[in-house]
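Undergrad: Output the structure for:
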Amino acid sequence: MTAAHRIILNMLATYGRTIFAMALGLFSARWVLESLGETDIGLMGVVGGLIIFVTFLNSVASISCARFFALSIGKGDPEETNRWFNTALSIHTILPSILILAGWPLGEWVIEYFFNIPPERLDTAHWVFRFSLVSAFWSMSTAPYMAMFIAKQRIAEMSFWGILSSIANFCFVYWLTTYKGDAWLVYAGFTVLLAIFFGVCQVLRARHLFPECRISFSKWYERRRLRQVFSFTGWQLFGNFGAILRGKGIAILLNQYFDPAQFAYVNASYDFGNKISNYAMTLSSALRGALSPEITSTEGRGDRKRMLMLANRASKFSVYLILLFAVPMFLEIDMLLVLWLKNPPQLTAAFAVYMIVCLLIEQLTFGHMIAVNAVGKIAGYQMMLGTAIMLTLPLAWLFLALDYPAATSIGTALIITTIFQSTGRVIWAKFLVGASPQEWLKKVLLPCAVVFAGAMLFGHAAILIATHLGIPSGLFRLAATSLSTFAATIAFGWLLLDKFERQFFLDNFRKLRKKLTLPL
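TA: Have a look, this model is predicted:
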């Protein structure tokens, strides 16, 4: 299979799984709200923040492992890949054990004495935290196996397991609506069991598929590799530590400013706004999973020009894909939330819009992030990135202290720091990998701005026509708005592709159609 065919297959598999999981997740979110209620929904986000560092470390470490695996695969050296795998496995066995043993008593104390938690929910909050620790440990210890799937570009198989997990979770949440006991506790426990079950399946499958996943304890403590992994991962952690403050830190800040007993809707609104952003982010994560191994392997083969070309395409296509869903959401957010949650917490729309705007700004430099990680010279870059994002929490605190509304305070802080982050990526990518800012402006920013403006214009036109015809806000108008914005996004996006990108899609579409055509 050629690199182009592999990218297409990975993208189709990943987006098929992502859209399927999003559909189930969006549909079942109403059941979760109905079963848990606004108070427990808000508390779930706050308590989950206690283990965010462990889960975040897992995410960063997985990306780091996949990078080293992909570089060695690009060089065509299975023995080298196996050595990197064993190095990663040693780190992912020992490090989470230390973190969780240290964090357990601290988390218990914070829940008891720091968070604003109604007394009748304290016991459940403690147990949910313990379940979260088990889940975090398991996720980290199996990360090298998941990273091997990514590095080997077996994205379609990972998508299959993801679909099964989404179906199981969907069925469970439906059953949860009939449960009369402590729904939050049962929901947390099942989530952990689900993660462990599918994790075991994927680990066994990886050991069967990849000889590089052979465990050899003699390769666990190779100092040179350990130094390289810790150096790369350490700077990744510093650079992305701001994401902890930007996500769960804000939930904790809102918990302190708005007592859940009186303002349950504030944290619940933030949680659902964050969910919408995360659903949209899974589209860019899916694209990263499809393109990142190829970009990293291309750099490993020494083809810098092609690597930078793929990086710019990753940014542009990521924004296009998010716009397909973001534009109709901007125009019909209130109607969508009623359809989704029936009785959405009152600030959900405001939080969701701010977060999607930030996501679009961030995705404009999505490819720069992959390119810099592929090269590996990330110390200064991650220092800048981490410092910019860390400003989110103090800025949000300042706006709240000045008595600005909750959504305005958080949203303004998010937008300011995201602009800093994306601007810094462009500057550092020029310095570290030779990525041209002018090329980015021409190939990414300008086309994305035109597509966004065109889609918004067509969407507004559809709403005006519907209003002129006397059609009220509802499913019919939502369908008309969505179809018009989808068509505009695809049409403008296609027109703004360069000739090589257009030919790439046409060639692969013809090959796919030929394979799917059955002989008479």
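
Undergrad: Mind listing residues that contact stretch 216-224?
TA: Under the contact criterion C-beta atoms under 8 Å, 6 or more residues apart in numbering, stretch 216-224 has outside partners 82-83, 86-87, 89-90. C-betas here are computed from N, CA, C, even on glycine.

Undergrad: Could you rerun that using 7 Å?
TA: 83, 86-87, 90 (C-beta atoms under 7 Å, 6 or more residues apart in numbering).

Undergrad: now do stretch 118-133
TA: Stretch 118-133 is contacted from outside by 39, 43, 47-48, 50-51, 100, 104, 107-108, 111, 117, 182, 184-185, 188-189, 192, 260-261, using C-beta under 7 Å, 6+ apart.

Undergrad: Quick one: distance of the helix or strand hosting residue 464 to the chain centre.
TA: Assigned by DSSP states H and E, residue 464 belongs to helix 446-468. Its chain's average C-alpha position is 27 Å from that of helix 446-468, according to C-alpha atoms, centre = their mean, to the nearest Å.

Undergrad: where does the stretch 301-450 of the chain have low pLDDT?
TA: Scanning the stretch 301-450 of the chain for pLDDT under 70 picks out 375-382.

Undergrad: Can you report how many residues lie near residue 325?
TA: 20 (other C-beta atoms under 10 Å).

Undergrad: What residues of the helix or strand where it lies count as buried?
TA: Using DSSP H and E, residue 325 sits within helix 304-331. Buried positions in helix 304-331, judged by neighbour count with 16 or more other C-beta atoms under 10 Å: 304, 307-331.

Undergrad: so after it, what's the next helix or strand?
TA: Helix 304-331 is succeeded, C-terminally, by helix 333-341 (DSSP H and E).

Undergrad: and that following helix, what does it pack onto?
TA: In terms of contacts (3 or more C-beta pairs under 7 Å, 6 or more residues apart in numbering; DSSP states H and E), helix 333-341 is packed against helix 3-48, helix 348-363.

Undergrad: Mind telling me which of those the model trusts least?
TA: Ranked by mean pLDDT, these end with helix 3-48 at the bottom, a mean of 67.

Undergrad: got the contact list for the nearest residue to residue 484 once chain neighbours are set aside?
TA: Beyond its immediate neighbours in the sequence, the residue positioned closest to residue 484 (C-beta to C-beta, 6 or more residues apart in numbering) is residue 462, lying 4.0 Å away. By C-beta under 7 Å, 6+ apart, the contact list for residue 462 reads 480-481, 484.

Undergrad: of the residues you listed, closest to residue 402?
TA: residue 481 (36.3 Å; C-beta to C-beta).

Undergrad: what about residue 44, neighbour count?
TA: Using other C-beta under 10 Å, the number of residues around residue 44 comes to 22.

Undergrad: which residues touch it?
TA: residue 184.

Undergrad: Kindly recompute the last result at 10 Å.
TA: 32, 36, 125, 128, 132, 184, 187-188, 251, 267-268, 271 (C-beta atoms under 10 Å, 6 or more residues apart in numbering).

Undergrad: which ones among these are found in strands?
TA: Judged by DSSP state E, strands contain none of the contacts of residue 44.

Undergrad: Filter those residues down to the buried ones and hand me the ChimeraX line.
TA: A single ChimeraX command selects the buried members of the contacts of residue 44 (16+ other C-beta under 10 Å):
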select :32,36,125,128,132,184,187,188,251,267,268,271
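
Undergrad: Dump the contacts of residue 44 into CSV; add distance to residue 219 as well.
TA: As requested, the contacts of residue 44 are exported to CSV (distance: C-beta to C-beta, whole Å):
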residue, distance to residue 219
32, 44
36, 46
125, 42
128, 38
132, 32
184, 43
187, 40
188, 37
251, 41
267, 46
268, 48
271, 43
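
Undergrad: among the contacts of residue 44, which two are most distant?
TA: 132 and 268 (18.8 Å).

Undergrad: can I get the contacts of residue 462 in JSON lines with pLDDT?
TA: Listed next are the contacts of residue 462 as JSON lines, based on pLDDT from 0 to 100:
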{"residue": "480", "pLDDT": "87"}
{"residue": "481", "pLDDT": "89"}
{"residue": "484", "pLDDT": "92"}
